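**Student:** just need the structure, nothing else, for what follows:
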Amino acid sequence: MSGPYTPYTSDTTSALHWHPQAAAIPQATAADPWPVAQVQALFEMPFMALMLHAQTVHHAHWPAGDIELATLLSVKTGGCPENCGYCPQSAAYDTGVQAGKLMDLAEVTRAAQAAKEAGASRFCMGAAWRAPKDRDIAQVSAMIAAVKALGLESCATLGMLAPHQAQALSDAGLDYYNHNLDTGPDYYRDVVSTRQYEERLDTLSHVRAAGIRVCCGGIVGMGETPVDRAALLAQLANMQPYPESVPINSLVRVPGTPLADSEPLDPLDFVRVIAVARIVMPQARIRLSAGRQQLGEAVQALCFMAGANSIFYGDKLLVTGNPEADSDAKLLAKLGLASLKTAA
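**Tutor:** Modelled structure (predicted):
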């Protein structure tokens, strides 16, 4: 990474409108990254035209068509001092989630082995910290080694990292670090006030500098505008390089959180987010993440058509529900989709 990220801000006065016979499909070039208005223009394409464009991009870059199965384990649950308005693990809200201690190595190893046996190829470990202490990094490093010994890719999401902590995780063999931007820069302050957007970008810079691949996406359905969604994807797409893995979450409205009463997102608007993410980040794994349980099979099928090629796999995503592995396997079989195989 060449240096710190600079947040992209939206320009609502320069929205573009796509007309099939009047304008070319917006395209990025090496010299001209994706402006928010250009990403917004993709969102405004007719749905079927957008789907066709996303499919074309997807097949050009992912001819094998395989689906990555990733399992996420909460290795340290609850008690987080952040006030993210969507999160049931925040200590600021009464959601019934109890704060727990960091899991021991043997328990994490058993969970990783079970995930591999269920077909997962990547194992992600999440901890509800604002920022880990160095002693936490040492314990997670041992977990990373155990996961890697099973032939799985390793991923961790632990909160904000200092440069030396990112380097320690890299030295331990961590493949991916997840640190989502959540939403576009302009809307972020309406969702979180205990952390600045730039602090998220700083952590991503430290991760890149340490040679760890980046897993970074966001959440939709939090009351944001379509321009905010375009701004989020522009921010991601304009990273140099953009994330190798991009989880797209549909808000799970958890009672007790400030966003529990948010208006549900139109399912086709969610599909649009997947399609635009595929177009602006053609070589990224676009992952269906939280909220899949409420989408149903038909909408998930549209997401795969739009370019999603990764899912979180298993019965839980940290502390919220997720389709069971058997249901996922049946859906992939119905659609004729193959999963990415795990190393022996």
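
**Student:** CA only for contacts and neighbour counts going forward, please
**Tutor:** OK.

**Student:** A54 contacts V273, correct?
**Tutor:** No: using Cα atoms under 8 Å, A54 makes no contact with V273, being 10.7 Å away.

**Student:** okay, those two: which has more neighbours?
**Tutor:** Set A54 next to V273 and count neighbours by other Cα atoms under 10 Å: A54 wins out with 25 against 20.

**Student:** now do the same contact list for the more buried one.
**Tutor:** By Cα atoms under 8 Å, 6 or more residues apart in numbering, A54 lies in contact with A275, V276, R278, I279, A306, G307.

**Student:** same check, this time on M281
**Tutor:** A237, Y242.

**Student:** how close does it get to V227?
**Tutor:** 18 Å (Cα to Cα, to the nearest Å).

**Student:** quick one on the thing from earlier: turn the contacts of A54 into JSON lines, columns for distance to G184 and pLDDT.
**Tutor:** Shown next, in JSON lines, are the contacts of A54 (distance: Cα to Cα, whole Å; pLDDT from 0 to 100):
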{"residue": "A275", "distance to G184": "17", "pLDDT": "98"}
{"residue": "V276", "distance to G184": "15", "pLDDT": "98"}
{"residue": "R278", "distance to G184": "17", "pLDDT": "98"}
{"residue": "I279", "distance to G184": "18", "pLDDT": "97"}
{"residue": "A306", "distance to G184": "22", "pLDDT": "96"}
{"residue": "G307", "distance to G184": "21", "pLDDT": "96"}
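
**Student:** let me know the closest of the residues you listed to E297.
**Tutor:** Within the contacts of A54, proximity to E297 (Cα to Cα) peaks at A306, which comes in at 14.1 Å.

**Student:** run a quick neighbour tally on that closest one.
**Tutor:** A306 has 28 neighbours, counted by other Cα under 10 Å.

**Student:** A162 too?
**Tutor:** Neighbour count of A162, defined by other Cα under 10 Å: 16.

**Student:** list the residues that contact it.
**Tutor:** Contacts of A162 by Cα under 8 Å, 6+ apart are T203, H206.

**Student:** ok, it to F43 distance?
**Tutor:** Counting by Cα to Cα, the gap from A162 to F43 is 36 Å.

**Student:** ok so, going back, just the ones of the contacts of A54 in helices?
**Tutor:** Residues of the contacts of A54 located in helices (DSSP state H): A275, V276, R278, I279, A306.

**Student:** so which of those is surrounded by the most neighbours?
**Tutor:** Highest count within the ones in helices among the contacts of A54 by other Cα under 10 Å belongs to A275, 31 neighbours.

**Student:** what's that one in contact with, if anything?
**Tutor:** L50, M51, A54, C303, A306, G307, A308.

**Student:** output the helix or strand harbouring the fourth one as PDB, nothing but the C-alphas.
**Tutor:** Counting by DSSP states H and E, the secondary-structure element that holds C303 is helix 296-306. Coordinates of each C-alpha in helix 296-306 appear next as PDB, following Å, rounded to 0.1, in the frame of the first residue of the first chain:
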ATOM      1  CA  GLY A 296     -34.400 -16.800   1.100                       C
ATOM      2  CA  GLU A 297     -33.200 -19.100  -1.700                       C
ATOM      3  CA  ALA A 298     -34.500 -17.100  -4.700                       C
ATOM      4  CA  VAL A 299     -32.700 -13.900  -3.600                       C
ATOM      5  CA  GLN A 300     -29.500 -15.800  -2.800                       C
ATOM      6  CA  ALA A 301     -29.700 -17.400  -6.300                       C
ATOM      7  CA  LEU A 302     -29.900 -13.900  -7.800                       C
ATOM      8  CA  CYS A 303     -26.900 -12.800  -5.700                       C
ATOM      9  CA  PHE A 304     -24.900 -15.700  -7.100                       C
ATOM     10  CA  MET A 305     -26.000 -14.700 -10.600                       C
ATOM     11  CA  ALA A 306     -24.800 -11.200  -9.800                       C
END
